[in-house]
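> Can you look at this prediction? I've put the sequence above it.
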Amino acid sequence: MKRADGTAPASAPMRSMAGAGSHFVFGGKVLNAPCTARNETPRPRSSVGFRADGSIVVMAVSGRGSGGGSESGGVTIHQEATLMQHLGAVDAVNLDGGTSTTLLVRHHIGGAFVRMDEPPRVAQRHVPNVLTFELPR
(Lines give C-alpha, C1' and ligand atoms only; values in the text may rest on other atoms or scores of the structure.)
Protein backbone atom coordinates (compact mmCIF):
# COMPACT_ATOMS: atom_id res chain seq x y z
CA MET A 1 0.00 0.00 0.00
CA LYS A 2 1.27 3.46 -0.81
CA ARG A 3 0.32 6.94 0.23
CA ALA A 4 -0.80 9.56 -2.24
CA ASP A 5 2.83 10.76 -2.58
CA GLY A 6 4.04 7.24 -3.51
CA THR A 7 5.77 6.46 -0.20
CA ALA A 8 4.90 3.47 1.98
CA PRO A 9 3.43 3.94 5.48
CA ALA A 10 5.56 2.97 8.48
CA SER A 11 3.58 -0.16 9.30
CA ALA A 12 3.62 -3.92 8.90
CA PRO A 13 2.92 -5.40 5.46
CA MET A 14 -0.78 -5.32 4.56
CA ARG A 15 -2.78 -8.51 4.12
CA SER A 16 -5.76 -6.65 2.73
CA MET A 17 -6.95 -3.16 1.97
CA ALA A 18 -10.16 -1.20 1.67
CA GLY A 19 -11.48 1.74 -0.24
CA ALA A 20 -12.17 4.86 1.76
CA GLY A 21 -13.41 8.39 1.44
CA SER A 22 -11.35 11.50 1.97
CA HIS A 23 -7.66 11.22 2.86
CA PHE A 24 -7.79 14.06 5.37
CA VAL A 25 -4.64 13.71 7.48
CA PHE A 26 -1.43 13.31 5.53
CA GLY A 27 2.11 13.52 6.86
CA GLY A 28 0.75 14.66 10.23
CA LYS A 29 -1.08 17.64 8.75
CA VAL A 30 -4.82 18.13 8.30
CA LEU A 31 -5.63 18.57 4.62
CA ASN A 32 -8.13 21.39 4.22
CA ALA A 33 -9.57 20.34 0.88
CA PRO A 34 -12.80 21.96 -0.29
CA CYS A 35 -15.85 20.05 0.93
CA THR A 36 -19.51 19.74 0.09
CA ALA A 37 -22.21 21.09 2.39
CA ARG A 38 -22.82 17.49 3.50
CA ASN A 39 -19.22 17.22 4.72
CA GLU A 40 -19.61 20.44 6.69
CA THR A 41 -22.75 19.18 8.43
CA PRO A 42 -22.15 17.60 11.85
CA ARG A 43 -23.08 13.92 11.60
CA PRO A 44 -21.87 10.47 12.66
CA ARG A 45 -18.51 9.62 11.11
CA SER A 46 -15.91 6.88 11.20
CA SER A 47 -12.22 6.96 10.33
CA VAL A 48 -9.02 4.96 10.50
CA GLY A 49 -5.42 6.09 10.51
CA PHE A 50 -1.83 5.25 11.37
CA ARG A 51 0.48 6.79 13.93
CA ALA A 52 4.16 7.34 13.12
CA ASP A 53 5.05 4.12 15.00
CA GLY A 54 2.69 2.11 12.75
CA SER A 55 -0.04 1.62 15.36
CA ILE A 56 -3.63 1.97 14.18
CA VAL A 57 -6.14 4.61 15.31
CA VAL A 58 -9.83 3.82 14.80
CA MET A 59 -12.52 6.36 15.62
CA ALA A 60 -16.31 6.37 15.50
CA VAL A 61 -18.22 9.54 16.36
CA SER A 62 -21.90 9.10 17.04
CA GLY A 63 -24.50 11.75 16.39
CA ARG A 64 -28.10 12.61 15.61
CA GLY A 65 -29.29 11.56 19.04
CA SER A 66 -30.38 8.20 20.32
CA GLY A 67 -33.84 8.70 21.71
CA GLY A 68 -34.89 9.83 25.15
CA GLY A 69 -34.38 13.41 24.09
CA SER A 70 -30.57 13.18 24.10
CA GLU A 71 -28.78 14.57 21.11
CA SER A 72 -25.12 14.28 20.22
CA GLY A 73 -24.15 16.44 17.34
CA GLY A 74 -21.60 14.41 15.43
CA VAL A 75 -18.73 16.25 13.72
CA THR A 76 -17.92 17.88 10.40
CA ILE A 77 -15.28 16.25 8.22
CA HIS A 78 -12.73 18.91 9.22
CA GLN A 79 -13.46 18.33 12.92
CA GLU A 80 -13.06 14.58 12.35
CA ALA A 81 -9.64 15.15 10.76
CA THR A 82 -8.53 17.36 13.65
CA LEU A 83 -9.66 14.73 16.18
CA MET A 84 -7.67 12.04 14.35
CA GLN A 85 -4.62 14.31 14.35
CA HIS A 86 -5.04 14.88 18.12
CA LEU A 87 -5.18 11.09 18.59
CA GLY A 88 -1.75 10.92 16.95
CA ALA A 89 -2.65 9.87 13.41
CA VAL A 90 -0.11 11.02 10.83
CA ASP A 91 -2.19 9.53 8.00
CA ALA A 92 -5.95 9.06 8.21
CA VAL A 93 -8.97 8.54 5.97
CA ASN A 94 -12.69 9.07 6.38
CA LEU A 95 -14.76 5.89 6.10
CA ASP A 96 -18.51 5.58 5.67
CA GLY A 97 -20.56 7.70 8.04
CA GLY A 98 -24.10 8.52 8.94
CA THR A 99 -26.22 5.67 10.22
CA SER A 100 -23.59 3.22 8.94
CA THR A 101 -21.25 4.31 11.74
CA THR A 102 -21.15 1.61 14.40
CA LEU A 103 -18.35 0.57 16.76
CA LEU A 104 -18.45 -2.90 18.28
CA VAL A 105 -15.78 -4.15 20.69
CA ARG A 106 -15.14 -7.63 22.02
CA HIS A 107 -13.43 -7.16 25.40
CA HIS A 108 -11.94 -10.67 25.42
CA ILE A 109 -11.47 -13.50 22.93
CA GLY A 110 -14.76 -15.27 22.38
CA GLY A 111 -16.71 -12.64 24.34
CA ALA A 112 -19.85 -10.93 23.18
CA PHE A 113 -19.68 -7.81 21.04
CA VAL A 114 -20.51 -4.61 22.92
CA ARG A 115 -21.76 -1.57 21.02
CA MET A 116 -19.69 1.46 22.00
CA ASP A 117 -21.17 4.25 19.85
CA GLU A 118 -24.81 4.08 20.96
CA PRO A 119 -26.82 2.57 23.81
CA PRO A 120 -27.71 -1.12 23.21
CA ARG A 121 -31.40 -0.23 22.76
CA VAL A 122 -30.67 1.65 19.53
CA ALA A 123 -31.24 -0.54 16.47
CA GLN A 124 -28.15 -1.30 14.44
CA ARG A 125 -28.39 -0.72 10.71
CA HIS A 126 -27.52 -3.61 8.39
CA VAL A 127 -24.46 -2.64 6.32
CA PRO A 128 -22.47 -4.74 3.84
CA ASN A 129 -19.06 -3.41 4.95
CA VAL A 130 -17.01 -4.10 8.05
CA LEU A 131 -13.50 -3.27 9.21
CA THR A 132 -12.14 -5.85 11.64
CA PHE A 133 -8.92 -6.31 13.56
CA GLU A 134 -7.60 -9.54 15.00
CA LEU A 135 -5.03 -9.49 17.77
CA PRO A 136 -2.16 -11.95 17.46
CA ARG A 137 -2.52 -14.93 19.77
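Sure thing, it's come through.

> so what pLDDT did residue 130 get?
Looking at residue 130, its pLDDT reads 78.

> Kindly report the same for residue 23.
79.

> how many neighbours does it have?
Look at residue 23: counted by other Cβ atoms under 10 Å, it has 16 neighbours. (C-beta placed from N, C-alpha, C; glycine too.)

> That one is in contact with residue 93, isn't it?
Yes: between residue 23 and residue 93 a contact is recorded at 5.1 Å, counting by Cβ atoms under 8 Å.

> Any figure for the gap between the residue positioned nearest the centre of the chain and residue 130?
Geometric centre of the chain, nearest residue: residue 47, 1.8 Å, by Cα atoms, centre = their mean. Look at residue 47 and residue 130: by Cβ to Cβ, to the nearest Å, they are 15 Å apart.

> again with residue 52
27 Å.

> cool, and residue 25?
For residue 25 relative to residue 130 (Cβ to Cβ), the value is 23 Å.

> next one: residue 48
Counting by Cβ to Cβ, the gap from residue 48 to residue 130 is 12 Å.

> just the helices in this protein please.
Taking DSSP state H as the test, the helices found in the chain are 77-86.

> Flag the shaky bits of it, pLDDT-wise.
1-21, 64-72, 119-121, 137 (pLDDT under 70).

> Pull the number of nearby residues for the nearest residue to residue 35 once chain neighbours are set aside.
Sequence neighbours aside, residue 77 is the residue nearest to residue 35 in space, at 5.6 Å (criterion: Cβ to Cβ, 6 or more residues apart in numbering). For residue 77, the count of nearby residues is 23 (other Cβ under 10 Å).

> What distance do you get for residue 77 to residue 50?
Plainly put, residue 77 is 19 Å away from residue 50 if you go by Cβ to Cβ.
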